[in-house]
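>>> When you get a sec, could you give me coordinates for this:
(one chain, ligands or ions: 2)
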Amino acid sequence: MYAAKGGRANYFKKKGVIKVAEKVRVLLTEKEVDDRIQAIGDQISRDYEGKQVHLVCVLKGGSFFMCELAKRITVPVSIDFMSVSSYGCETKSSGVVKIVKDLDEPVMGKDVIVVEDIVDSGRTLSYLLEMLKDRGPKSLRLCTLLDKPDRRVVKVNVDYTGFEIPDEFVVGYGLDYAQRYRNLPYIGVVEFE
Ligand code: IMP
Ligand code: MG
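Numbering: from 1, shown residues only. Ligands and ions are numbered 1, 2, ... in the order given. Okay, here's the model as predicted:
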């Protein structure tokens, strides 16, 4: 694991002239994350007793969380995936959301839970939830592993939250920095030296 090895990954800018070292500091351990996912799974199983839940995963970040969550839900579950991209720089979303991959199945008449890795400014989710609402689901809820409430610029109603975290750039459990670190089994903060 990156953290166990001293938490260091070297990143060379073009032509190798400037060297920027990154460290990953553990914010939430694997056990803390797993225990919290179990608790959310239990809660969803109670809330949807006698129903089927349709989990909509927002790729790529939400995929690790959704798989772990789905395994812990005891009512019938179906899953679908969509991919959106927000135009912007690497650590900020711009508010302009593009659907890169749409859902395979209609959500009409289904009890839908959108599963996300993190709600930051709220722009992506606010757009996505409005779009899905127009497609006529029976119910529509939002479940996010992480929430950075201090960063919110658009109001988003979150129904299930794993952890509220401070305004720091995090990776792991599906979350990336420049497409890396998604595979970390814990949540860490990227620190630049
Ligand atoms: P929002 O539209 O600003 O809420 O941003 C949502 C998306 O930005 C998330 O689904 C993530 O893909 C990405 N994002 C926001 N904060 C972080 C972070 O701390 N680490 C990694 N990705 C993040
Ligand atoms: Mg995401």
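>>> Get me the contact residues on this protein for ligand 1.
Proximity of the chain to ligand 1, by Cβ under 6 Å from any ligand atom, involves residues 61, 86, 93, 116-125, 169-171, 175. C-beta: built from backbone N, CA, C; applies to glycine.
>>> Weed out the non-buried ones from those.
61, 86, 93, 116-125, 169-171, 175 (16 or more other Cβ atoms under 10 Å).
>>> Strands - which of the residues of the chain next to ligand 1 land there?
Ser86, Glu116, Asp117, Ile118, Val119, Val170, Val171 (DSSP state E).
>>> longest helix anywhere in the chain?
Longest helix in the chain by number of residues, with DSSP state H as the criterion: helix 30-47.
>>> can you give me how far the next helix or strand after that one is from the chain middle?
Following helix 30-47 in sequence order, the next helix or strand is strand 53-59 (DSSP states H and E). Distance of strand 53-59 from the chain centroid (Cα atoms, centre = their mean, to the nearest Å) equals 11 Å.
>>> The following helix or strand past strand 53-59 - contacts with which helices or strands?
Past strand 53-59, further along toward the C-terminus, the next helix or strand under DSSP H and E is helix 62-71. Other helices and strands packing on helix 62-71, by 3 or more Cβ pairs under 8 Å, 6 or more residues apart in numbering; DSSP states H and E, are helix 30-47, strand 53-59, strand 77-86, strand 111-119, strand 139-147.
>>> want to throw those into TSV with mean pLDDT and distance to Leu69?
Below are those laid out as TSV (pLDDT from 0 to 100; distance: least, Cβ to Cβ, whole Å):
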stretch	mean pLDDT	distance to Leu69
helix 30-47	98	6
strand 53-59	97	7
strand 77-86	93	9
strand 111-119	97	6
strand 139-147	98	7
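>>> Count the neighbours of the closest residue in space to Phe163 that isn't next to it in sequence for me.
Nearest in space to Phe163, with sequence neighbours left out and distances taken as Cβ to Cβ, 6 or more residues apart in numbering, is Leu146 at 5.6 Å. Residues near Leu146, counting by other Cβ atoms under 10 Å, number 24.
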